[in-house]
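Asks: sequence plus predicted model, see below.
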Number of protein chains: 2
Amino acid sequence: MAGATTDGRVLRGEETRRAVLRRAVGIASVEGLDALSIGRLATDLGLSKSGVFAGFGSKEELQLATVRAARRIFADAVVTPVADTPPGLPRARALCESWLAYSRARVFPGGCFFHQVIAEFDARPGPVRDALADCARQWHATVVESLAAARTAGALRPDTDPDDLAFALIAVLETANSQAVLHEEDIPYQRAGRLLLRLLRAEAADPADPALA
Amino acid sequence: MAGATTDGRVLRGEETRRAVLRRAVGIASVEGLDALSIGRLATDLGLSKSGVFAGFGSKEELQLATVRAARRIFADAVVTPVADTPPGLPRARALCESWLAYSRARVFPGGCFFHQVIAEFDARPGPVRDALADCARQWHATVVESLAAARTAGALRPDTDPDDLAFALIAVLETANSQAVLHEEDIPYQRAGRLLLRLLRAEAADPADPALA
DNA sequence: GAGATATTAGCACGACCGTTCGTGCAGTTT
DNA sequence: AAACTGCACGAACGGTCGTGCTAATATCTC
């Protein structure tokens, strides 16, 4: 009972699982979840194929675990850092900047993990697609929330539709990521920065709001 | 000499190549270019694996041919239909509407072919990535051209940056496609329609321009 | 210590992969 | 009619895939 949390065996297992997933999110962000192969992961990490397999039970479970791992990394890289900026418009802006930095810094080597794998699975019904849809919904909701808070706080015009605005902001972010990765340029990020500000200013109650400096 | 164009053998060959590519673009738009397998195409079409292979010479050449085929389909579905609408702002708007209709109608069963496969290959250098980058550049240039024409015609404000505006428009289009496919909804398309108009109006010299009705 | 338990290794399986080869056949040329 | 060309076929190659087994090896409980 006392050893339930200190069992060295399961601890070791979790550690290798983590190692596998660390590698898996990297591969998947570049080549997709389908390119994840158990044998390749095993070779890369000096493990046996059956060892990797045993840690997940099936390829689909490996894919789902990879999505969950990426979700944690995304949250840590994008959402958590803005927790201490004031809610409302400042936080909305911070979220966008944080996302841009996340893509630019290649937190995942292939750019945004979710852009890659959502495109891969969006037309393929199944548990993986469902998990990804959930991630997308939550991220979207996070942005919408901050915009709604900004509106109720009076920083955005009352007739602003937070859903529409969030859609536009996210569209700019995703497209910046996509074009920057595809053409190996920085320009899309600069463009996105300008456009985000313009979109927010267009809906701001006070266009000279210091949060949009 | 006279028979150069009536050789029934090469004609038959081209026909099977076309059949293969018809199937290939469909598969690739849903599952990606990597999911194209020569054996699967052969089985689906009642051909032999080696027959399909011989028609392309390598898997990569099959992928490139698939991209070229998709490019033609895209041009026919999106660009060609707007050739008879007047250049400038009307054509820019028509291009966007045409793109939206192309995605909505599932000209490719998995939504926009290029959204799918660009996400798949954007971080993987090679001939396929290069070909896709070319497609993206050309589409982007098409939109920019129409916006630049609109500006020189006086329909857009002189300080409008056609590149920025094209980026924003394309961002809205791509995101509508992505979300509509992922969540199996129509709402993203409606949102995109509204946002496109708002973006264009914001840059229009005359916000009441009949082209933006 | 002995014994229970959880993680890893080794090995084999059937299926599918891209690719190559030799062959048959339909159409063209002479 | 004979020689040639181009497409498609079937069989087979070496590899890799995901997935089952059965040991071997750590770690915990007693």
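Replies: Ah, there it is. Note that the coordinates shown come from a computational prediction; the quantities given were computed from them, not determined experimentally. Numbering: from 1, shown residues only, chains lettered A, B, ... in the order given.

Asks: how about the helix ranked longest in chain A and chain B, any contact?
Replies: Longest helix in chain A, counting residues (DSSP state H): helix A:127-152. Yes: remark: helix A:127-152 sits within contact range of chain B at A:129, A:132-133, A:136-137, by Cβ under 8 Å from any Cβ of the partner chain. (Each C-beta comes from the backbone N, C-alpha and C, glycine too.)

Asks: format those residues as a markdown table; extra columns: pLDDT.
Replies: Formatted as a markdown table, those follow (pLDDT from 0 to 100):
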| residue | pLDDT |
| --- | --- |
| A:129 | 98 |
| A:132 | 98 |
| A:133 | 98 |
| A:136 | 98 |
| A:137 | 98 |
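
Asks: same question for the longest helix of chain A: list its buried residues.
Replies: Using 16 or more other Cβ atoms under 10 Å in any protein chain shown as the test for burial, helix A:127-152 gives A:128-129, A:131-133, A:135-136, A:139-140, A:142-151.

Asks: so which residues on chain A come close to DNA strand C?
Replies: A:7, A:9-10, A:12-13, A:15-16, A:42, A:46-51, A:54-55 (Cβ under 7 Å from any atom of the strand).

Asks: and the furthest pair within those residues?
Replies: Of all pairs drawn from the residues of chain A next to DNA strand C, the greatest distance, 25.0 Å, lies between A:7 and A:49 (Cβ to Cβ).

Asks: from the centroid of chain A, which residue is nearest?
Replies: residue A:74 (4.0 Å; Cα atoms, centre = their mean).

Asks: whichever helix or strand it is part of and DNA strand D in contact?
Replies: Residue A:74 belongs to helix A:59-74 when assigned by DSSP states H and E. Yes: counting by Cβ under 7 Å from any atom of the strand, DNA strand D is contacted by helix A:59-74 at A:59-60.

Asks: C-alpha coordinates for that helix, CSV please?
Replies: C-alpha atoms of helix A:59-74 as CSV (Å, rounded to 0.1, in the frame of the first residue of the first chain):
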residue,chain,number,x,y,z
LYS,A,59,-0.7,1.2,-32.5
GLU,A,60,-3.9,3.2,-32.1
GLU,A,61,-3.3,3.6,-28.3
LEU,A,62,0.2,4.8,-29.1
GLN,A,63,-1.3,7.4,-31.4
LEU,A,64,-3.8,8.5,-28.8
ALA,A,65,-1.1,8.7,-26.1
THR,A,66,1.0,10.8,-28.5
VAL,A,67,-1.9,13.2,-29.0
ARG,A,68,-2.3,13.4,-25.2
ALA,A,69,1.4,14.1,-24.8
ALA,A,70,1.3,16.8,-27.5
ARG,A,71,-1.7,18.3,-25.8
ARG,A,72,0.3,18.7,-22.5
ILE,A,73,3.2,20.2,-24.3
PHE,A,74,1.0,22.6,-26.2
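
Asks: show me what it is packed against.
Replies: helix A:8-31, helix A:113-121, helix A:127-152 (3 or more Cβ pairs under 8 Å, 6 or more residues apart in numbering or on different chains; DSSP states H and E).

Asks: same thing but 7 Å
Replies: helix A:8-31, helix A:127-152 (3 or more Cβ pairs under 7 Å, 6 or more residues apart in numbering or on different chains; DSSP states H and E).

Asks: how about those helices, which one is nearest DNA strand D?
Replies: Smallest distance to DNA strand D across the helices and strands packed on helix A:59-74 (Cβ to the nearest atom of the strand): 2.7 Å, for helix A:8-31.

Asks: what are the buried residues along the closest one?
Replies: Neighbour-count burial for helix A:8-31 [16+ other Cβ under 10 Å]: A:17, A:19-21, A:23-31.

Asks: before we move on, the earlier item: so for residue A:7 and residue A:49, which residue has more residues nearby?
Replies: Ranked by neighbour count (other Cβ atoms under 10 Å in any protein chain shown), residue A:7 and residue A:49 place residue A:49 first, with 14 against 10.
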